[in-house]
Each structure stands twice: as structure tokens, then as C-alpha cells.
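Trainee: No letters, just coordinates:
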């Protein structure tokens, strides 16, 4: 399983880091770019196994999504 973690706040000004369980911490200019990367990579990874996208909300809670960015209960 590949896990993508996208925090609410940037790592530093203008840089969002996505923790990827199998590939380090790529950085992006915006949270939206980070989410696009995670969804695209999760969709590709789905062909070889499961992928989960964890996104931190403004309230500090982490929520799980699948490769389509649909919530997982």
C-alpha cells in the first residue's frame, strides 16, 4: 500500500511537502498541486496495489481518501 500525506499548512512559505510512503517527500508550490500529484500517483499505483491519500483539514484532523479523492469511511 502506498500512503500520501498532505498537510494543511505549508512546510515553509510557498512549499507543500507530500509524504509518500515509498518515495520520500516531494515539494509543490501549492496545496492544490500537492493534491493533484497525490491523486495522479495514487491512480497509477492502483494498478499495482492500493493507495490512500491522507489530507489534514483546517481543524487539524486527518481524513482518508481513495485514488479518486473520494472519502473513505
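Mentor: That came in fine, so what should we check first? What you see is a predicted model, and the numbers here were worked out from it, not measured in a lab.

Trainee: Please count neighbours and contacts with C-alpha atoms only from this point.
Mentor: OK.

Trainee: For the residue lying farthest from the centre of the chain, give its distance to residue 59.
Mentor: For the chain, the residue at maximal distance from the C-alpha centroid (CA atoms, centre = their mean) is residue 13, at 18.5 Å. Using CA to CA, to the nearest Å, residue 13 is found at 20 Å from residue 59.

Trainee: Also residue 32?
Mentor: 18 Å.

Trainee: of the two, who's got more company?
Mentor: residue 32 (12 against 7; other CA atoms under 10 Å).

Trainee: What about that one? Give its phi and psi, please.
Mentor: Main-chain dihedrals, residue 32, degrees, to the nearest 10: phi -60, psi -40.

Trainee: give the contact list for the residue farthest from the centre of the chain.
Mentor: Contact analysis of residue 13 by CA atoms under 8 Å, 6 or more residues apart in numbering lists nothing.

Trainee: which ones are touching residue 34?
Mentor: Taking CA under 8 Å, 6+ apart as the definition, contacts of residue 34 comprise 6, 16, 17, 18, 27, 28.

Trainee: Doesn't residue 38 belong to a helix?
Mentor: Yes. Checked against DSSP: H, G, I helix; E, B strand; the rest coil, residue 38 lies within a helix.

Trainee: Number of residues surrounding it?
Mentor: By other CA under 10 Å, the residues close to residue 38 number 26.

Trainee: Quick check: closest non-adjacent residue to it.
Mentor: The shortest distance from residue 38 to any non-neighbouring residue, by CA to CA, 6 or more residues apart in numbering, is to residue 4 (6.3 Å).
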